[in-house]
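S.K.: Take a look and give me a structure for this.
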Amino acid sequence: MKRNFILILFFFAIANILVAQQKSDVGLIIGTSSYLGDINPKKMFYSPGLSAGAFYRYTINKRYGLRANAYYINLSGSDLDFPEWMHPDRPLTNFNTTLIDLSGHFEFNFLPYLPYVKKWDFTTYVTGGFGYSYILSSTSGAPNHFTLPFGIGLKSTLTDRISWGAEWIIRKGFTDLVDGVDSPIQNYIFHNNDWYSTLCVNITFKFFKFAAKCPVYN
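M.R.: As a prediction, the model looks like this:
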């Protein structure tokens, strides 16, 4: 009896995994990254660095999805690039920081969309979540820190197994030391901490065909 119960649980778990795989895909990411902070307070897409990574997406229905992301991000900056913003109260500063950003995202599609079901189907979307950045190397002594990511994107199907997308994700870092410059008002979490963003394209792959007629998608 106990053995039969274990077998039932085993096959139930396998069935759930197969259903989840029918609703999920994996993607590869490549693009650029940039930083905003004390050295660069205004200029978007300043000193672009490499950003690359991968993600796993679970499609809940035509409007909603969940994602787990892992990004490699390089950030850099120098006071010499902004002579008009020089700070007489501190020495000239430059930095180069490389990190791995791990995050979980929620996606909302503006148009009804199921990947790989209808060729050239597309939607724009918004995304947001919570993350953590692990510092690989830093000339500024940047610490590991939590992040608050949010952004916009576009995705479209190419074939019944492949789709593509582009997105811009901005991250609010819960530290003011990504650039090594410690602001005197750093205790105000949402005021003066450093920001960084990624502008990337992605390609996604589906290993199991989507269960498009499943009631969960209606």
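
S.K.: so what strands line up beside the strand or helix carrying residue 103?
M.R.: Assigned by DSSP states H and E, residue 103 belongs to strand 94-109. With DSSP bridges as the test, strand 94-109 is paired with strand 64-78 (antiparallel), strand 122-138 (antiparallel).

S.K.: Spit out the contact partners of residue 24.
M.R.: 56, 57, 58, 59 (C-beta atoms under 8 Å, 6 or more residues apart in numbering). C-beta: built from backbone N, CA, C; applies to glycine.

S.K.: Not including adjacent chain positions, what is the nearest residue to the second one?
M.R.: This points to residue 57. residue 67 (4.8 Å; C-beta to C-beta, 6 or more residues apart in numbering).

S.K.: so how far is the strand holding residue 103 from its chain's centroid?
M.R.: Offset of strand 94-109 from its chain centre (C-alpha atoms, centre = their mean, to the nearest Å): 5 Å.

S.K.: Give me the buried stretch members for that strand, please.
M.R.: 95, 96, 97, 98, 99, 101, 102, 103, 105, 107, 109 (16 or more other C-beta atoms under 10 Å).

S.K.: How about the first one: which residues does it bridge to?
M.R.: Yep, that's residue 95 we're talking about. With DSSP bridges as the rule, residue 95 is bridged to residue 77.

S.K.: Also the fifth one?
M.R.: Going by DSSP bridges, residue 99 is paired in beta bridges with residue 73, residue 135.

S.K.: Who are the contact partners of it?
M.R.: 72, 73, 75, 133, 134, 135, 136, 138, 142.

S.K.: Neighbours of the second one, how many?
M.R.: Same thing as residue 73. Neighbourhood size, residue 73 [other C-beta atoms under 10 Å]: 24.

S.K.: Could you tell me the model confidence score at the residue nearest the centre of the chain?
M.R.: The residue lying closest to the centre of the chain (C-alpha atoms, centre = their mean) is residue 69, at 5.4 Å. The model reports residue 69 with a pLDDT of 97.

S.K.: Chain neighbours aside, what residue packs nearest to it?
M.R.: residue 55 (4.4 Å).

S.K.: could you pull out the strands for this structure?
M.R.: Along the chain, counting by DSSP state E, strands occupy 24-36, 49-59, 64-78, 94-109, 122-138, 145-157, 162-173, 195-205.

S.K.: Serialize those strands to TSV and add fields for distance to residue 115.
M.R.: Shown next, in TSV, are the strands of the chain (distance: least, C-beta to C-beta, whole Å):
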stretch	distance to residue 115
strand 24-36	6
strand 49-59	7
strand 64-78	9
strand 94-109	10
strand 122-138	10
strand 145-157	6
strand 162-173	5
strand 195-205	7
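
S.K.: Thought residue 100 was touching residue 74, still the case?
M.R.: No: if you go by C-beta atoms under 8 Å, residue 74 and residue 100 don't touch, sitting 10.9 Å apart.

S.K.: Pretty sure residue 30 is one of the things residue 198 touches, is it not?
M.R.: No: if you go by C-beta under 8 Å, residue 198 and residue 30 don't touch, sitting 10.0 Å apart.

S.K.: who's more crowded, these two?
M.R.: Between residue 198 and residue 30, counted using other C-beta under 10 Å, the more crowded position is residue 198 (28 against 14).

S.K.: who touches the more buried one in this structure?
M.R.: So residue 198 contacts 29, 31, 32, 33, 51, 71, 73, 168, 169, 171 (C-beta under 8 Å, 6+ apart).
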